[in-house]
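Participant: Make a model of this:
(one chain, ligands or ions: 1)
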Amino acid sequence: ETTFDINKIRADFPVLDQKVNGKQLVYFDNAATTQKPKAVIEAIKTYYEGYNANIHRGLHTLAEKATTAFEETRKTFQQFVNANEVEEIIFTKGTTDSINLVAHAYGRKFFKSGDEILISGMEHHSNIVPWQLLCEATGAQLKVIPVKEDGSISLADVEDLITDKTKLVSVVYASNSLGTINPVKEIAALAHKADAVMMVDGAQAASHCNVDVQDLDCDFFATSGHKMYGPTGTGILYGKRALLEAMTPYQGGGEMIKNVSFEETTYNDIPYKFEAGTPNIADIVALKEAADYISALGKDNIMVYEQELTKHAHQVMAEVPGIKFYGTAEEKVSVVSFTLETVHPYDVGMMLDAKGIAVRTGHHCTQPLMDHFGIEGTIRASFSVYNTKEEITQLAEGLKDIVSKFG
Ligand code: PMP
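Facilitator: Got it, this is the predicted structure:
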């Protein structure tokens with residue numbers, strides 16, 4: 001059992017203290033985006049009220065203050081994901097942006113016709129479509145690791161699918177639709193044996209898992225700030241220095257250059273080479289507070305608590321008549337995906353909202369995965385540190401009520 005002071009944690013998240021449709025809000029849509037603690041909200045306000053300025057080039061006091069705060073977030077993330085060097089942390093708009101960056105700046109430079117890219121069958125569209133675009137542009141081919149009935153993938157399948165043509169393997173650390181935690185460290189080792197690079201989609205991992213990019217030995221790691229209690233429009237791409245240095249820039253513009261002339265332009269060093277234009281300074285400054293918030297609670301404590309919540313959910317929700325769970329692998333984050341035999345997911349979502357309970361319904365941007373299970377979509381309840389067992393019991397009771405009235 002964890003020793004979290006859950007009331008204190010809940011008090012840190014102002015949005016939770018409200019009624020929705022006359023009922024106390026129960027927020028279970030954390031895999032889509034998490035709520036923000038006061039520290040994050042305050043940091044945005046403090047920045048705009050106190051030292052808003054463009055970064056890097058200014059010599060004046062506000063510009064220096066803003067630059068220092070911006071770069072503090074980078075240092076914080078170096079530690080947060082245990083990168084070897086601070087320059088290996090690139091700021092992006094989010095996971096989607098990070099993956100597109102790699103597909104362009106690495107893929108378009110190094111891939112050719114006949115090369116293979118390996119992803120899994122449970123990928124988010126943002127870890128599918130950028131590779132399809134890359135395949136269209138280069139003639140490379142996309143291959144897919146099959147998903148098993150319990151929502152996991154097997155290393156034997158990965159081994160079979162990696163060939164001497166495989167140039168890149170990109171797999172989600174924790175599935176947003178099923179919760180499955182994939183053996184990304186082992187997959188990275190298999191990729192490296194074949195001289196392929198390994199990319200990890202860590203959109204769901206940063207808030208739920210203890211990410212260590214050096215231990216995983218992945219080449220690229222992408223995540224989104226807004227799924228780890230940080231602001232929207234912020235993200236991270238971690239990349240190994242040698243790879244980042246070998247890549248072409250993703251976008252051209254200010255900040256990413258050393259020297260510009262009409263005859264020849266030279267590029268800035270990493271990470272700035274990949275940060276063209278004025279970045280989302282305020283939100284990236286505030287993102288530090290989100291990482292600090294997680295670190296202060298303790299990543300291991302969070303994992304223990306969220307496991308308790310997930311176990312409780314599977315127990316109490318199993319009593320709902322006609323419920324079917326998707327994603328029952330042993331290793332999973334706090335995502336519970338299910339359907340009800342007699343009520344359509346969209347109707348369930350609407351009726352839960354009437355009870356003040358926010359869940360997500362649909363394909364969760366993983367249409368191929370839904371096709372694999374032969375369904376249109378699921379109902380997804382995803383839990384964070386501020387959720388409680390009581391809320392989950394309330395969800396289970398709500399579902400029973402819906403089935404008895406409308407099933
Ligand atoms: N991958 C996974 C596993 C996700 O859950 C998400 C967000 N739902 C993304 C990628 C895309 O992240 P973003 O929309 O923040 O770019």
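Participant: Which strand or helix spans the residue nearest the centre of the chain?
Facilitator: The centroid of the chain falls nearest to Ala203 when counting by C-alpha atoms, centre = their mean (0.9 Å). Element membership for Ala203 (DSSP states H and E) is empty, with no helix or strand holding it.
Participant: For it, which non-adjacent residue is closest in space?
Facilitator: Thr95 (4.1 Å; C-beta to C-beta, 6 or more residues apart in numbering). Yep, even glycine has a C-beta here, placed from its N, CA and C like the rest.
Participant: Now do the helices in the stretch 1-150 of the chain.
Facilitator: 6-11, 38-50, 61-80, 95-102, 108-110, 129-138 (DSSP state H, counting those that start in this stretch).
Participant: Need those helices in TSV (columns: mean neighbour count).
Facilitator: Compiled in TSV, the helices of the stretch 1-150 of the chain are given as follows (neighbours: other C-beta atoms under 10 Å):
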stretch	mean neighbour count
helix 6-11	14
helix 38-50	16
helix 61-80	18
helix 95-102	25
helix 108-110	14
helix 129-138	18
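Participant: nearest to Glu88, of those helices?
Facilitator: Counting by C-beta to C-beta, Glu88 lies closest to helix 61-80 out of the helices of the stretch 1-150 of the chain; the figure is 7.3 Å.
Participant: Which secondary structure elements does the closest one sit against?
Facilitator: With contacts taken as 3 or more C-beta pairs under 8 Å, 6 or more residues apart in numbering; DSSP states H and E, helix 61-80 sits against helix 38-50, strand 89-92, helix 281-297.
Participant: quick one, that helix and helix 38-50 angle?
Facilitator: Angle, helix 61-80 to helix 38-50, by axes from the mean of the first three to the mean of the last three C-alpha atoms, to 10 degrees: 160 degrees.
Participant: so how far is helix 61-80 off the chain centroid?
Facilitator: Using C-alpha atoms, centre = their mean, to the nearest Å, the distance from the centre of helix 61-80 to the centre of the chain it belongs to is 22 Å.
Participant: Restricting the selection to alpha carbons, write it to CSV.
Facilitator: These are the backbone C-alpha positions of helix 61-80, laid out as CSV (Å, rounded to 0.1, in the frame of the first residue of the first chain):
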residue,chain,number,x,y,z
THR,A,61,17.8,40.9,-18.1
LEU,A,62,14.4,39.5,-19.0
ALA,A,63,15.8,37.6,-21.9
GLU,A,64,18.5,36.1,-19.8
LYS,A,65,16.0,35.1,-17.1
ALA,A,66,13.7,33.5,-19.7
THR,A,67,16.6,31.6,-21.3
THR,A,68,17.8,30.3,-18.0
ALA,A,69,14.4,29.0,-17.1
PHE,A,70,13.9,27.4,-20.5
GLU,A,71,17.3,25.7,-20.2
GLU,A,72,16.5,24.6,-16.7
THR,A,73,13.7,22.5,-18.1
ARG,A,74,16.1,20.8,-20.4
LYS,A,75,18.4,19.9,-17.5
THR,A,76,15.4,18.6,-15.6
PHE,A,77,14.5,16.4,-18.4
GLN,A,78,18.0,15.1,-18.9
GLN,A,79,17.7,13.8,-15.4
PHE,A,80,14.1,12.8,-15.7
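Participant: Kindly list the main-chain dihedrals of Thr234?
Facilitator: For Thr234, the backbone dihedrals are phi -130, psi 150 (criterion: degrees, to the nearest 10).
Participant: Mind pulling up the pLDDT for the closest residue to it other than its chain neighbours?
Facilitator: The shortest distance from Thr234 to any non-neighbouring residue, by C-beta to C-beta, 6+ apart, is to Gly225 (3.3 Å). Here, the pLDDT recorded for Gly225 equals 98.
Participant: And Glu1, by the same measure?
Facilitator: For Glu1, the pLDDT comes out at 63.
Participant: same check, this time on Gly407
Facilitator: For Gly407, the model assigns a pLDDT of 81.
Participant: Contacts only, for the spatially closest residue to it that is not a sequence neighbour.
Facilitator: Nearest residue to Gly407 in three dimensions, chain neighbours excluded: Thr342, at 3.6 Å (C-beta to C-beta, 6+ apart). When contacts are counted by C-beta atoms under 8 Å, 6 or more residues apart in numbering, Thr342 touches 322, 403, 406-407.
Participant: Next: Thr366.
Facilitator: 122-125, 175-177.
Participant: possible to save these as a markdown table with pLDDT and neighbour count?
Facilitator: Shown next, in a markdown table, are those (pLDDT from 0 to 100; neighbours: other C-beta atoms under 10 Å):
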| residue | pLDDT | neighbour count |
| --- | --- | --- |
| Met122 | 98 | 26 |
| Glu123 | 98 | 26 |
| His124 | 98 | 21 |
| His125 | 98 | 15 |
| Ser175 | 98 | 33 |
| Asn176 | 98 | 26 |
| Ser177 | 97 | 29 |
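Participant: and the ligand, which of those reach it?
Facilitator: Residues of the contacts of Thr366 in contact with the ligand (C-beta under 6 Å from any ligand atom): 124, 176.
Participant: biggest separation within the contacts of Thr366, which pair?
Facilitator: Of all pairs in the contacts of Thr366, the most separated under C-beta to C-beta is His125 and Ser175 at 12.9 Å.
Participant: sorry, back to before: compare the helices and strands packed on helix 61-80 and give me the one nearest the ligand.
Facilitator: strand 89-92 (8.6 Å; C-beta to the nearest ligand atom).
Participant: Can you tell me the strand partners of the closest one and which way each runs?
Facilitator: Partners of strand 89-92 in the sheet, by DSSP bridges, are strand 235-239 (antiparallel).
Participant: where does the stretch 251-400 of the chain come near the ligand, residue by residue?
Facilitator: So the stretch 251-400 of the chain meets the ligand at Cys365 (C-beta under 6 Å from any ligand atom).
Participant: quick one on the thing from earlier: surely the residue nearest to Thr234 meets Leu287?
Facilitator: Yes: the pair Gly225 and Leu287 qualifies as a contact (C-beta atoms under 8 Å) at a distance of 4.6 Å.
Participant: Please consider this matter closed, and thank you.
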